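[1] Predicted model and sequence below, questions to follow.
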Amino acid sequence: MKFERSDPVDPEKKHRQWFLVLFAILAIGTTGIRLFTGSSWIDSLFYTVITLSTVGYGAPPGLPPGGKIFVILLVLIGIGTAGLAIGEITRYFVVERMLSVMGKRRDNRVKDLRNHWILAGLGRVGMEVARHLENDGIPFLALEVADRKVASAREKGWIVQQGDIRQEAVLEDAGISRARGLILTLSDDSDNVYATLTAKALNPDLRVIARANDPQSTKLLLRAGAERAMNLADAEAAAIARASVNPAVADFLEMVNISRDLGLDFSAATVHPESPVAGKTLAEAPLRFEYNAMVIAIKKERGSIIYNPPGNETLEGGDELILFAEMDKMEELRSLLCRPGGC
C-alpha cells in the first residue's frame, strides 16, 4: 500500500500562528490581572511577563482569591505554551533562515512549477546551462549536492533543491511528473546513465538531454532513454576546427549564441493542423513578409528534415519549424503557428 506524503507546513504561516498564540497569552494574562487588581496596562503586562518567565518578583499587590486562581491557571497553561511559542519563533528566525541561506530548506515555489526543466548539476557546464535557461525565460529547477553551489545559485534567485539526482524521492520532490524535461550535466557518466533510467521510470514522456564524456557513454545514454547525449569534448574540438578552417561559419554560429543580445531569437514551433498556415506553401504563408522570419529547417512529422526549404514546400500539421526572427515577433509567430496555449 502506498501512502501519499502530505505537503509540509509553510514555515511563514507556522511562525505567524505562533506569534498569534504568544500574543493571545500575553493579552489574556494582561487583561486578567488588570481586571482583578485594577493595575495599569503597563503594570499588568509587566506582571504577566514576569509570571510567564518565572522570574519570581512576587504576586501583584491586592490580588483577590479569584485573581490567584487566574494566576495559577496562567502559570499552568501559559508557561508551557508561551515557552513553546517562543521556541518555535526563535527556530524560524535562526534555524530556518540558516537553512535557507545554506540551500537546505525546501523552496515553496517548487509546487507551482509546471512544464519545467530539471537541471542536474551546477558545475561549470550546469551554471552556463542555467544562465541560458534564465535568459530565455524558461522555468527550471536545479538539483545540486554541494552546499556552496546551492547557496550561490539561490543568491541568483534560482529555484534550487539540494539532493542526489539518482534518488527517486529527490526527483519526485522536484516535480518530475510535471516536468517537461531533464538536463544532466554531471561529470560522472555513470551517474548520468543511472539518473536517466530513474527519471524515465518515473516519467516515460520526459525529454532527457545528457552530457557525455566519451563516445561509449553517448551510446549508453541513448540506450537508457536520453533523446540527446552530447559529448562536450567533441563539440569544443569541432568548434575550434571550424573557427580555424571556416571562420565565417564560426562567426555565424557565434552570432546564434549571442542572438538574444542583438534582439534576435532562434526557436522552434510546431504547426497545428488548425493553424492558418497549415496547407499553405512557405511562399504563401505570411512568415517572411509579415514577420520577417527565416525558416532555417522543417522537421516533418514522419521524421525527415528539410534544410533551407524552398518556397513551394507545403506546411502540414505536425511540422516543426526552426525559426530565426526578431524577439518581439517570436510570440506572434507562435500564436500563428500553434494551437491556443503554445507549442
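    Sure, I can see it.

[2] neighbours around S275, how many?
    The number of residues packed around S275, counting by other CB atoms under 10 Å, is 20. For the C-beta atoms, the positions are set from N, CA and C on the backbone; glycine is no exception.

[3] Output the host helix or strand of G67 as CSV, nothing but the C-alphas.
    Counting by DSSP states H and E, the element that carries G67 is helix 65-73. Extracted as CSV, the C-alpha positions of helix 65-73 are listed here (Å, rounded to 0.1, in the frame of the first residue of the first chain):
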residue,chain,number,x,y,z
PRO,A,65,-8.7,34.8,45.7
GLY,A,66,-10.2,34.8,42.2
GLY,A,67,-7.2,36.5,40.8
LYS,A,68,-4.9,33.9,42.5
ILE,A,69,-6.8,31.1,40.7
PHE,A,70,-6.4,33.1,37.5
VAL,A,71,-2.6,33.4,38.0
ILE,A,72,-2.4,29.6,38.8
LEU,A,73,-4.2,28.8,35.6
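
[4] what's the domain layout of this structure?
    Each structural domain of the chain that the record assigns through automatic domain parsing is listed here as a residue range: 11-102, 110-237, 258-337.

[5] winner for burial among these?
    Each of the domains of the chain was scored by mean neighbour count; the highest is domain 110-237, a mean of 18, by mean count of other CB atoms under 10 Å.

[6] where are the low-confidence patches of the stretch 101-250 of the chain?
    For the stretch 101-250 of the chain, residues meeting the criterion pLDDT under 70 lie at 101-107, 235-239, 242-243, 248-250.

[7] on that earlier part again, contacts for the helix holding G67 next, please.
    Taking CB atoms under 8 Å, 6 or more residues apart in numbering as the criterion, the residues outside helix 65-73 that touch it are G32, I33, F36, T37, T51, A59, P60, L63.

[8] What helix or strand is the residue lying closest to the fourth one once chain neighbours are set aside located in?
    In this case it means T37. In space, and not counting its chain neighbours, T37 is closest to P60: 4.8 Å by CB to CB, 6 or more residues apart in numbering. Assigned by DSSP H and E, P60 belongs to no helix or strand.

[9] ok, P60 touching R34?
    No: the pair P60 / R34 is not scored as a contact, 9.6 Å apart, by CB atoms under 8 Å.

[10] one step back: make JSON lines out of the contacts of helix 65-73 and add secondary structure and distance to M327.
    Output for the contacts of helix 65-73, formatted as JSON lines (DSSP: H, G, I helix; E, B strand; the rest coil; distance: CB to CB, whole Å):
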{"residue": "G32", "secondary structure": "helix", "distance to M327": "66"}
{"residue": "I33", "secondary structure": "helix", "distance to M327": "67"}
{"residue": "F36", "secondary structure": "helix", "distance to M327": "72"}
{"residue": "T37", "secondary structure": "helix", "distance to M327": "72"}
{"residue": "T51", "secondary structure": "helix", "distance to M327": "66"}
{"residue": "A59", "secondary structure": "coil", "distance to M327": "74"}
{"residue": "P60", "secondary structure": "coil", "distance to M327": "72"}
{"residue": "L63", "secondary structure": "coil", "distance to M327": "75"}
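
[11] Looking at those, which is nearest A283?
    Using CB to CB, the shortest approach to A283 within the contacts of helix 65-73 belongs to G32, at 86.5 Å.
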